[in-house]
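Participant: Sequence and predicted model, in that order:
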Amino acid sequence: TTSASLAHGVRPTGSDPGDVGISPIPSPAPQGGGEKEADYALFAAAYDVTPAGNWEGKTILNRLGRLELGAEAEERQLAELRAKLLARRATRIRPGWDDKVLADWNGLTIAALAAAATVHRRPDWLAAAERAFRFVAEEMTIDGRLRHSSRLGRAEAPATAGDYANMTRAAIRLHQATLDARYLEQACVWTEILDRHYWRQDIGGYAQSADDTADVIVRLASGHDEAAPNANGIMISNLVWLSLLTGEDAYRARAEAILAAFSGDIAANLAGHTGLLAAAIDLLAPQQVAIVGAAGPGGAALVEALHSVSLPGALEYVIDAASAEGLGPSLTGKSAIDGRSAAYVCLGPQCSSPVTSKEQFATQLHVLRCLSGAGSTRVAYRIRESQEET
């Protein structure tokens with residue numbers, strides 16, 4: 001089979017070799033049987049190719065209707081056919097490629113990578129998260145202030161509140177994964193910049209743009225989610241975590257001020273403010289879990305129990321050393337018990353007695369998850385109280 005025979009069944013948009021359209025469209029399938037028709041039938045079935053198309057008369061190659069892989073021989077043949085189609089596509093002009101580096105989206109990805117690396121024991125993922133963090137913190141920072149985007153060595157556009165909020169979350173997640181105090185220090189620095197340049201003293205909440213951004217006519221301060229979670233919701237959780245990790249009550253007070261500022265908006269449109277709602281649970285029922293002496297006897301079993309439960313709003317620390325002293329007020333006093341790894345489960349300032357049994361720890365984690373769910377009821381009451389006060 002040649003590349004031309006496959007392209008007879010799935011050909012690029014338009015007939016001009018310079019056409020930059022990237023959506024293949026179907027043409028009549030090969031007729032008369034043989035290898036060409038068999039190739040077309042296999043590829044069409046796998047990638048949703050039909051004469052009528054699957055999007056506005058065109059075909060967007062996809063495997064959404066068949067997510068599982070086929071037999072080894074079939075997948076090998078599909079790989080060969082994809083290579084032929086790619087070779088045919090390479091004869092035409094490529095479309096433009098948006099390769100900007102965005103601070104806020106990198107922050108989202110770094111935080112997710114750091115958490116996933118810990119759960120799945122993937123040091124390569126953690127290394128990638130740290131490299132990306134260094135790039136944003138160093139190459140996308142001018143005079144101590146973040147920039148929103150970077151391309152070809154040029155950092156452009158002043159940062160938005162979302163850039164700072166998501167990179168602050170990334171710093172906190174990396175602190176959890178590495179115990180490197182520099183990440184916590186950077187989170188505090190970025191939060192201070194947010195408070196100084198983005199906080200709306202008149203109505204409360206963080207504005208999207210800084211007070212010294214020159215080309216902004218109106219500084220918007222909204223709480224609703226868009227393509228990414230809203231910065232105010234992200235910052236409520238960040239501030240709660242910073243309060244726990246540093247012992248500074250000012251962080252928690254600022255988180256409460258954000259929720260109060262947007263309580264009316266939340267009540268009027270719940271679906272548009274899910275980020276704030278989720279963060280409010282972190283504020284009203286903050287969770288922290290620590291395993292101390294994880295490198296010692298029983299540690300592996302406790303870590304396995306922790307990573308078997310999803311606690312998205314919790315601070316989770318796995319500490320190999322026998323003591324957590326020096327890692328912050330919320331971890332002070334926590335240590336291994338009689339030479340065995342010990343687990344601590346905390347809701348707000350109250351912590352359970354340390355346990356060394358995997359079964360006891362698993363039970364406490366499930367109770368903690370239920371208590372965080374109960375926090376949603378407290379959120380509803382707090383929103384109602386805020387409305388009545390105003």
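Facilitator: Cool, the structure landed. Just so we're clear, the structure is a prediction, and the values are computed from it rather than from any experiment.
Participant: Mind giving me the packing neighbours of whichever strand or helix holds Ala305?
Facilitator: Using DSSP states H and E, Ala305 falls within helix 299-306. Applying 3 or more Cβ pairs under 8 Å, 6 or more residues apart in numbering; DSSP states H and E, one finds that helix 299-306 contacts strand 287-292, strand 314-319, strand 342-347, helix 358-389. To be clear about C-beta, it is placed using only N, CA and C from the backbone, and glycine gets the same treatment.
Participant: how does it look with 10 Å?
Facilitator: helix 103-120, strand 287-292, strand 314-319, strand 342-347, helix 358-389 (3 or more Cβ pairs under 10 Å, 6 or more residues apart in numbering; DSSP states H and E).
Participant: Identify all contacting residues around it.
Facilitator: Residues external to helix 299-306 that are found in contact with it (Cβ atoms under 10 Å, 6 or more residues apart in numbering): 118-119, 121, 289-294, 314, 316-320, 336, 340-343, 345, 355-366.
Participant: Can you tell me how far the residue nearest the centre of the chain is from His366?
Facilitator: Centroid-nearest residue in the chain, with Cα atoms, centre = their mean: Leu108, separated by 3.7 Å. Leu108 is 28 Å from His366, where distance means Cβ to Cβ, to the nearest Å.
Participant: again, but for Trp97
Facilitator: Taking Cβ to Cβ, one finds Trp97 at 46 Å from His366.
Participant: same question, Glu138
Facilitator: Going from Glu138 to His366 by Cβ to Cβ gives 42 Å.
Participant: is it true that the residue nearest to the centre of the chain touches Ile234?
Facilitator: Yes. Judged on Cβ atoms under 10 Å, Leu108 makes contact with Ile234 at a distance of 9.1 Å.
Participant: how about the strands in the chain?
Facilitator: Applying DSSP state E to the chain gives strands spanning 10-11, 25-26, 101-102, 141-142, 145-151, 154-158, 287-292, 314-319, 342-347, 350-351.
Participant: which strands and helices sit next to the longest one?
Facilitator: Of the remaining helices and strands, those touching strand 145-151 by 3+ Cβ pairs under 10 Å, 6+ apart are strand 101-102, helix 103-120, strand 154-158, helix 161-178, helix 181-197.
Participant: The third one too?
Facilitator: Contacting strand 101-102 under the criterion 3+ Cβ pairs under 10 Å, 6+ apart are the following elements: strand 145-151, helix 161-178.
Participant: pull the helix or strand with minimum mean pLDDT from this protein.
Facilitator: When each helix and strand of the chain is scored by mean pLDDT, DSSP states H and E, helix 3-9 comes last, with a mean of 37.
Participant: so how far is the helix holding Ala305 off the chain centroid?
Facilitator: The chain centroid and the centroid of helix 299-306 are separated by 24 Å under Cα atoms, centre = their mean, to the nearest Å.
Participant: Ok, stretch 318-329 next?
Facilitator: 26 Å.
Participant: Does Ala171 touch Leu146 like I think?
Facilitator: No. Ala171 is beyond contact range of Leu146, at 11.9 Å (criterion: Cβ under 10 Å).
Participant: Overlap of the contact sets of these two?
Facilitator: 107, 137, 190.
Participant: What is the neighbour count of the last one?
Facilitator: Right, the one you point to is Trp190. Trp190 has 24 neighbours, counted by other Cβ atoms under 10 Å.
Participant: Cool, thanks, signing off.
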